[in-house]
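S.K.: Have a look at this prediction, sequence included:
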Amino acid sequence: MRRFSKSRLMAYRQCERRLWLELHRPELRADGAASMAAFAAGHQVGDLARSLYDPHGTGALLDPQTEGHETALARSLALLDSGRPIFEAGFAAGGAMAFADVLLPVPGQGPRRWRMVEVKSSTSVKDYHRDDAAIQARVALDAGVALDGIALAHIDSSWVYPGGGDYRGLLVEQDLTDEAFGRADEVAAWVAGARAVAASSDEPDVKPGKHCASPYDCGFAAHCASGMPQAEYPVAWLPQLRSKEVKQLVDDGALDMRDMPDALLNDKQLRVKQHTLSGQIYFNAAGAAADLAPHPLPGYFLDFETIAFAVPIWPGTRPFQMIPFQFSVHRLDREGEIEHAAFLDLSGADPSHAFATALIDACGAHGPVFVYNAGFEKSRIAELAERFPRLADALLAINARVVDLLPVARERYYHPSQEGSWSIKKVLPAVAPDLRYDDLEGVQDGGAAMQAFLEAIAAGTAPARKREIETQLLSYCQLDTLAMVRLWRYFSGT
């Protein structure tokens, strides 16, 4: 009889079609960069959890991928007599199989009892984590494990790393024992449902929808979408589809924005629909110029690149805190002359203080500081001011000068090629077709910049490769601020 792993049962919970494809057409799976980054963060947090729950290193670690599932299952049962912490202990029962992140002996006299901890790289307990715990508890109990309780450990996002490898306090637990133990019948139903899906020779007819990205991004999304009718002007291009009436039309099968009645659309949605269908550019030149008139030159055009770690590596930083490691600044004076300044730290040390001091120098003391989506840069600057009080006045003075170009673009401009998005990577090719992100070598977006940074600071990266990454990062960030200069000139009419 087929045994379903916990991950397969969770796939079934998300979408029957996903489970069927994982079992019958795994070659069609294509996980995106975000999924791969989430996998990496999960492994990193899992590795750290072993040192936190077993500080003296007396526990046993199983590796089902290396030693094989059957061997790992047998070893797990044998280790229950050891009284040591067990990591990745595996158990099978009732058609299911699950490997526990942490299994801890409960102190006391009498027969050995255990406490299970599932470790997650999230910052809170999600509903699907509760399903996860229910599966783990049911399989362990049915396999004969004397389980006293089960908890979920997640990251405390307010925790600040003190340094020195001391990660005590990074993880906090929530007890799920009563809930998980009480869901045995649900888990049994999931196993039965998964078994029926697996036995089918036909791919389930499940249409793409919100479930394709909840609770996980599905690696089969492209495959499933390829079999759907393709709209010439997808409804998804209409921004912020939130009204109940619009959502109902989408649920009823509306694919093309031509199927969406004008009366149900707000002004921005109607503008996108009309100009997309007509192929005509919308540009309120007078409005854009008026928006920018209160902010005369000289001006600074600023963009950041950041990195975030589930497990902080620099003292004074929090889990998932966005730490800026790079900026680009273009300065445009009243005569139209342009200068460029940049900062990039690939040393592997915390770049924050050097970044802050260089930013203060690069932005001068007067003149607007133009950004695209001000909330991001202003939040990072405020965090730097909090971390470095001596620099706070100068940093917050920069924040006071920030002017956001995104609202100007969103309210005053739309090109059909934007496909409903005002990302600078969509607006720039429309306004300045000679400047293109896809012409860049290596790094073409923020996600790629993060990955490049991680590669550059990793031990063992060859100096030549590090120089190559440096060039790519500098070129990418510089294009962001040059793009803002071009947008400013276009919007201001100069």
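M.R.: Good, I have the coordinates. Residues are numbered from 1 along each chain as shown.

S.K.: Endpoint to endpoint, stretch 430-445 covers what distance?
M.R.: Using Cα to Cα, to the nearest Å, one end of stretch 430-445 lies 17 Å from the other.

S.K.: Now that stretch: buried residues?
M.R.: 430-432, 437, 443-444 (16 or more other Cβ atoms under 10 Å). C-beta here means a position set from N, CA and C on the backbone, and glycine is covered the same way.

S.K.: Now do it: everything it contacts.
M.R.: Residues outside stretch 430-445 that contact it (Cβ atoms under 8 Å, 6 or more residues apart in numbering) are 281, 413, 415, 417-418, 425, 428-429, 448-449, 452, 468-469, 471-473, 475-476, 479, 482-483, 486-487, 490.

S.K.: about what we covered before: which one of the buried residues of stretch 430-445 is nearest Ser328?
M.R.: For the buried residues of stretch 430-445, the minimum distance to Ser328 (Cβ to Cβ) is 12.6 Å, reached by Val443.

S.K.: what's the helix or strand for that closest one?
M.R.: Val443 belongs to no helix or strand when assigned by DSSP states H and E.

S.K.: what's the spacing between it and Leu344?
M.R.: 12 Å (Cβ to Cβ, to the nearest Å).

S.K.: Identify the contacts common to these two.
M.R.: Leu473.

S.K.: Just give me the neighbour total for Lys210.
M.R.: Lys210 has 6 neighbouring residues, counting by other Cβ atoms under 10 Å.

S.K.: Then Pro55?
M.R.: A count of nearby residues for Pro55, using other Cβ under 10 Å, gives 10.

S.K.: For it, grab phi and psi.
M.R.: phi -60, psi -20 (degrees, to the nearest 10).

S.K.: Check it and give its pLDDT.
M.R.: Per-residue confidence (pLDDT) for Pro55: 94.

S.K.: just Met1 next, same as before
M.R.: 67.

S.K.: what does the one 4 residues further on give?
M.R.: Confidence at Ser5, expressed as pLDDT, is 95.

S.K.: and the residue nearest to it when sequence neighbours are not counted, bridged to which residues?
M.R.: Excluding the flanking residues, the one nearest Ser5 by Cβ to Cβ, 6 or more residues apart in numbering is Met97, at 5.2 Å. Beta bridges link Met97 to Ser5, Ala92, judged by DSSP bridges.

S.K.: From what I see, Ala288 and Arg412 are in contact.
M.R.: Yes. Here Ala288 lies in contact with Arg412, judged by Cβ atoms under 8 Å, at a distance of 4.0 Å.

S.K.: what do those two both touch?
M.R.: Residues touching both Ala288 and Arg412 (Cβ under 8 Å, 6+ apart) are Phe491.

S.K.: between the two, who's got more neighbours?
M.R.: Ala288 (22 against 19).

S.K.: Which parts of this protein are strands?
M.R.: Ranges of strands in the chain, per DSSP state E, are 4-5, 60-61, 86-93, 96-105, 114-119, 147-155, 171-175, 282-283, 299-307, 323-332, 338-344, 369-371, 402-404, 413-414.

S.K.: ok, and what's touching the second one?
M.R.: The reference is to strand 60-61. Applying Cβ under 8 Å, 6+ apart, the external contacts of strand 60-61 come out as 50, 79, 82, 84-88.

S.K.: Just give me the neighbour total for the closest residue to Pro162 other than its chain neighbours.
M.R.: Nearest residue to Pro162 in three dimensions, chain neighbours excluded: Pro315, at 6.2 Å (Cβ to Cβ, 6+ apart). Neighbour count of Pro315, defined by other Cβ under 10 Å: 12.

S.K.: So Pro315 is in contact with Gly165, correct?
M.R.: No. The criterion here is Cβ under 8 Å, and Pro315 misses it with Gly165 at 10.4 Å.

S.K.: ok so, going back, tabulate the buried residues of stretch 430-445 (TSV), appending pLDDT and distance to Pro234.
M.R.: Listed next are those as TSV, based on pLDDT from 0 to 100; distance: Cβ to Cβ, whole Å:
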residue	pLDDT	distance to Pro234
Ala430	93	18
Val431	92	23
Ala432	91	26
Tyr437	91	22
Val443	95	28
Gln444	94	23
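
S.K.: quick revisit: filter the contacts of stretch 430-445 down to the ones in helices?
M.R.: For the contacts of stretch 430-445, the ones inside helices are 425, 428-429, 448-449, 452, 468-469, 471-473, 475-476, 479, 482-483, 486-487, 490, with DSSP state H as the criterion.

S.K.: Nearest residue to Leu21 in space, please, no chain neighbours.
M.R.: Leaving aside its sequence neighbours, Leu21 sits nearest to Phe220 (Cβ to Cβ, 6+ apart; 4.7 Å).
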